[in-house]
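Asker: sharing a model prediction with you, sequence too.
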Amino acid sequence: MADEILFELLHMEIVGHLQRSSQKDEQDQCIAKLESIGFRIGQSLAERFTRDCSRFKDELDTMKFVCKDFWNTVYKKQIDNLRTNHQGVYVLQDNRFRFLTHISSGKQYMEAAPKYLALPCGMIRGALANLGVNCVVTAEVSTMPACKFQIQIQRG
Amino acid sequence: MSRQTARAGDPRKVNGELFTLTYGALVAQLLRDYEDDEEVNKQLEKMGYNIGVRLIEDFLARSNTSRCNDFRETSDIISRLGFKMYLGITPVISNWSPAGDEFSLLIENNPLSDFVELPEGHTALNYSNILCGVLKGALEMVQMDVDVWFVQDQLKGDNITEIRLKFIKRLDDAVPAGED
């Protein structure tokens, strides 16, 4: 499908734009903005997706939705591995994360990875927030293009 | 299994929505950052330009088109192939200037503004201005210098969305420095 590339290019350009328009010492702010853009996208996407489907059984069921349907729509593949400690921490592993495959395979350019992962983290947080799960999402890369997203549920 | 199908919906549609929603979130962020419609227009065009110069590669690879003989052929390919391929719409081409160097793309349902309502006080904002940048960037990569601008926008209450393209000049193939 031809329009996939539009999303990819748009994301690249959003990262590039925020990077260009922020000063060297404002990198944190740039990441925060990316995250908040992602949050908004995730929120509205989840709203659109779940319009015609029944309520999720439990938290794990919601996570499976993120790993399968949500991931499939956004990144054209499913999450490769989902782990949980059953105490509110979930780790989603994607062995070929789409936003990283164009950048590098290996350890080079590792310092560039965080800004390409901020928006996706925000999207997960936004989608889950919309489904009633408050959480903190962080990403971790050891070798590109593989990537792990850690979801920490906030209770109470 | 049945629930899964219901969730994902029509993949093509959802994919288009992903782009629309991402673009919406971007414009909202730019409006917060710049607080000035004209400046947001400028930034959107710049980002579009950067996308266009990359997108043309993908377009040529997919469409397998050859060099256009004149601007009329170019207009046809932009609408029938370009817009169709990436946004799923075919804008109507009209309002040719007598000299044949200017035309309009008329868009009836712009996918970029699908879920959009402009709040009051943004009369100068060209919400979909990124399209102008994309067209300019892409055409520049095939040696055409063009001006692209919004004439009408349904978001502002016009009957139709109109983008105008004006051919300025042919660009010479730039030879990289140090080569003949």
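Answerer: Now that the structure is in, tell me what you want to look at.
Asker: what is the helix or strand containing B:Ala138 packed up against?
Answerer: Taking DSSP states H and E as the definition, B:Ala138 sits inside helix B:130-140. Judged by 3 or more CB pairs under 8 Å, 6 or more residues apart in numbering or on different chains; DSSP states H and E, helix B:130-140 is in contact with helix B:37-63, strand B:144-152, strand B:161-170. C-beta coordinates here come from the backbone N, C-alpha and C atoms, glycine included.
Asker: what about 10 Å?
Answerer: Judged by 3 or more CB pairs under 10 Å, 6 or more residues apart in numbering or on different chains; DSSP states H and E, helix B:130-140 is in contact with helix A:4-21, helix B:11-34, helix B:37-63, strand B:102-107, strand B:144-152, strand B:161-170.
Asker: rank those by pLDDT, which is bottom?
Answerer: Of all these, the minimum mean pLDDT falls on helix B:11-34 (a mean of 86).
Asker: buried ones in that one, by neighbour count?
Answerer: Buried residues in helix B:11-34, counted by 16 or more other CB atoms under 10 Å in any protein chain shown: B:14-27, B:29-31, B:33.
Asker: filter these down to the ones near chain A?
Answerer: The subset of those lying close to chain A, counting by CB under 10 Å from any CB of the partner chain, consists of B:14-26, B:29-30, B:33.
Asker: got the contact list for B:Gln143?
Answerer: B:67, B:169-174 (CB atoms under 10 Å, 6 or more residues apart in numbering or on different chains).
Asker: isn't B:Ala153 up against B:Asn126?
Answerer: No Ala there; residue B:153 is Asp. Yes: B:Asp153 is within contact range of B:Asn126, at 6.5 Å (criterion: CB atoms under 10 Å).
Asker: next, name the residue at the spatial heart of chain B.
Answerer: In chain B, the centroid-proximal residue (CA atoms, centre = their mean) is B:Leu131; its distance is 2.3 Å.
Asker: can you tell me how far that one sits from chain A?
Answerer: Separation of B:Leu131 from chain A (CB to the nearest CB, to the nearest Å) stands at 11 Å.
Asker: for the helices and strands packed on helix B:130-140, which one sits closest to A:Val74?
Answerer: Of all the helices and strands packed on helix B:130-140, it is helix B:11-34 that lies closest to A:Val74, at 6.2 Å by CB to CB.
Asker: sketch out the strands for chain A, chain order is fine.
Answerer: Secondary structure of chain A by DSSP state E: the strands cover A:81-84, A:89-94, A:135-140, A:147-153.
Asker: can you put those strands in a markdown table and add distance to A:Cys53, mean neighbour count and mean pLDDT?
Answerer: Output for those, formatted as a markdown table (distance: least, CB to CB, whole Å; neighbours: other CB atoms under 10 Å in any protein chain shown; pLDDT from 0 to 100):
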| stretch | distance to A:Cys53 | mean neighbour count | mean pLDDT |
| --- | --- | --- | --- |
| strand A:81-84 | 19 | 14 | 95 |
| strand A:89-94 | 21 | 19 | 96 |
| strand A:135-140 | 21 | 16 | 95 |
| strand A:147-153 | 21 | 19 | 95 |
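Asker: could I get these as a markdown table with distance to B:Pro98?
Answerer: Compiled in a markdown table, those are given as follows (distance: least, CB to CB, whole Å):
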| stretch | distance to B:Pro98 |
| --- | --- |
| strand A:81-84 | 64 |
| strand A:89-94 | 56 |
| strand A:135-140 | 57 |
| strand A:147-153 | 56 |
